[in-house]
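Colleague: sequence first, then the predicted structure, then my questions.
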Amino acid sequence: MNHDIPWADLHQQMQENLVNFLTVEIELAGTLCDRAKTHPQRRAEILRKVEQAIDTVRHFADRIDDPATRKSILGRVGDLECRMEK
């Protein structure tokens, strides 16, 4: 009976899941930015949620192994911050 754990495979799957999670978080925050523009009465509340999403992405982005992927994710966060200011 072989009980070897495929650590490399698990790590790769974890990396893929992390990048997918952060991508969804960024996309959701982008949608919230658009919503803030159309709901001025709730703008401050919505933008606080966007800031929370940005903080979450920044926190977990450090765990991405691939430097190019990490840079891409953090670049999208920068774009999102610019959208918040408009």
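Modeller: Noted; the coordinates are in hand. Numbers count the residues shown, from 1 in each chain.

Colleague: which secondary structure element contains the most centrally placed residue in the chain?
Modeller: Most central in the chain under Cα atoms, centre = their mean is residue 22, positioned 2.9 Å from the mean C-alpha point. Assigned by DSSP states H and E, residue 22 falls within helix 7-38.

Colleague: in the helix or strand following that helix, what counts as buried?
Modeller: Per DSSP H and E, helix 7-38 leads on to helix 43-61 as the next helix or strand towards the C-terminus. For helix 43-61, a neighbour-count test (16 or more other Cβ atoms under 10 Å) marks 46-47, 49-50, 53-54, 57, 61 as buried. For the C-beta atoms, the positions are set from N, CA and C on the backbone; glycine is no exception.

Colleague: tell me who's in contact with residue 23.
Modeller: residue 73 (Cβ atoms under 8 Å, 6 or more residues apart in numbering).

Colleague: show the pLDDT at it.
Modeller: pLDDT for residue 23: 98.

Colleague: for residue 83, same thing?
Modeller: Value for residue 83, per-residue pLDDT: 87.

Colleague: hmm, it is touching residue 31, no?
Modeller: No. Look at residue 83 against residue 31 with Cβ atoms under 8 Å: they stay out of range, at 10.8 Å.

Colleague: and the residue nearest to the centre of the chain, how far is that from residue 3?
Modeller: Separation of residue 22 from residue 3 (Cβ to Cβ, to the nearest Å): 32 Å.
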